[in-house]
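Asks: Could you look at this predicted model? Sequence included:
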Amino acid sequence: MSSFQWGNLIYLILLLAMILFWFVIQNRGSLGKMAQQALAWGLIFVGVIAAIGVWDDIRHTMVPTQGVLTETGQIEVPRARDGHYYLTLGINGKPVDFLVDTGASQVVLSQSDAERLGLVTSDLAYTGRAMTANGEVRTAPVRLDTVELGPVVDRDVRAWVNEGEMDKSLLGMTYLQRWSRIEIADGALLLSR
């Protein structure tokens, strides 16, 4: 540990000791009750530390792992707990999370993802229209230089930026049709080239 980290540790220990000393002085008449409360808080603290320690395991259980390249060269995408399939693709070298949506005809970027990719959304020409579950929205066409999924790299992919609110970008059929085979089997989406 660096001297800065040692200093922080010593500061925290002294602060904890002062708080504990103050608590004991304030409650010296009811030390039995104080011991019960201290034990309860100690168990809560241990529980929080344990939850933090296994957070990666919990997260992988709640949100399945990303698509995996199988021995046969397929990309296998596990179904998430909500029944959908999610992929993180490299767009122009930056990771973007997508909801795989076979009901979407295009690749559609959310405003926040488009801005993260360096697109100035206020300068885009929102000339397109799309019908969504929330009604009609305006869209702006863009070209993505590279779209990477595992070892597969596609170039010059057309996409649209949605002017409306979206939680996640959509991976629609214009991208999915670049794959020779799309199959859903045993709780997984399989993409083959």
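Replies: Noted; the coordinates are in hand.

Asks: out of everything not next to it in sequence, what's closest to the residue positioned nearest the centre of the chain?
Replies: The centroid of the chain falls nearest to residue 97 when counting by Cα atoms, centre = their mean (6.9 Å). Residue nearest to residue 97 in three dimensions, not counting chain neighbours: residue 88, with 5.2 Å by Cβ to Cβ, 6 or more residues apart in numbering. All C-beta atoms are positioned from the backbone trio N, CA, C, and that covers glycine.

Asks: Neighbours of that neighbour, how many?
Replies: If you count neighbours by other Cβ atoms under 10 Å, residue 88 ends up with 13.

Asks: Now for it: which residues touch it?
Replies: 66, 95-98 (Cβ atoms under 8 Å, 6 or more residues apart in numbering).

Asks: Just the CA atoms of the longest strand that the chain contains, as PDB, please.
Replies: In the chain, ranked by residue count with DSSP state E as the criterion, the top strand is strand 135-149. C-alpha atoms of strand 135-149 as PDB (Å, rounded to 0.1, in the frame of the first residue of the first chain):
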ATOM      1  CA  GLY A 135     -45.900   5.900 -31.800                       C
ATOM      2  CA  GLU A 136     -44.100   7.600 -34.700                       C
ATOM      3  CA  VAL A 137     -40.600   8.900 -34.200                       C
ATOM      4  CA  ARG A 138     -38.100  10.800 -36.400                       C
ATOM      5  CA  THR A 139     -34.900   9.100 -37.400                       C
ATOM      6  CA  ALA A 140     -31.600  10.200 -39.000                       C
ATOM      7  CA  PRO A 141     -29.500   8.000 -41.300                       C
ATOM      8  CA  VAL A 142     -25.900   7.500 -40.400                       C
ATOM      9  CA  ARG A 143     -23.100   5.200 -41.600                       C
ATOM     10  CA  LEU A 144     -21.000   3.100 -39.200                       C
ATOM     11  CA  ASP A 145     -17.500   2.600 -40.400                       C
ATOM     12  CA  THR A 146     -17.000  -0.700 -38.600                       C
ATOM     13  CA  VAL A 147     -19.300  -3.100 -36.700                       C
ATOM     14  CA  GLU A 148     -17.500  -5.900 -34.800                       C
ATOM     15  CA  LEU A 149     -19.000  -9.000 -33.200                       C
END
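
Asks: Contacts for whichever helix or strand comes after it next, please.
Replies: Using DSSP states H and E, the next helix or strand after strand 135-149 towards the C-terminus is strand 152-162. If you take Cβ under 8 Å, 6+ apart as the criterion, strand 152-162 is touched by 75, 106-111, 114, 119, 121, 124, 126, 128, 130, 137, 139-148, 174-175, 178, 193.
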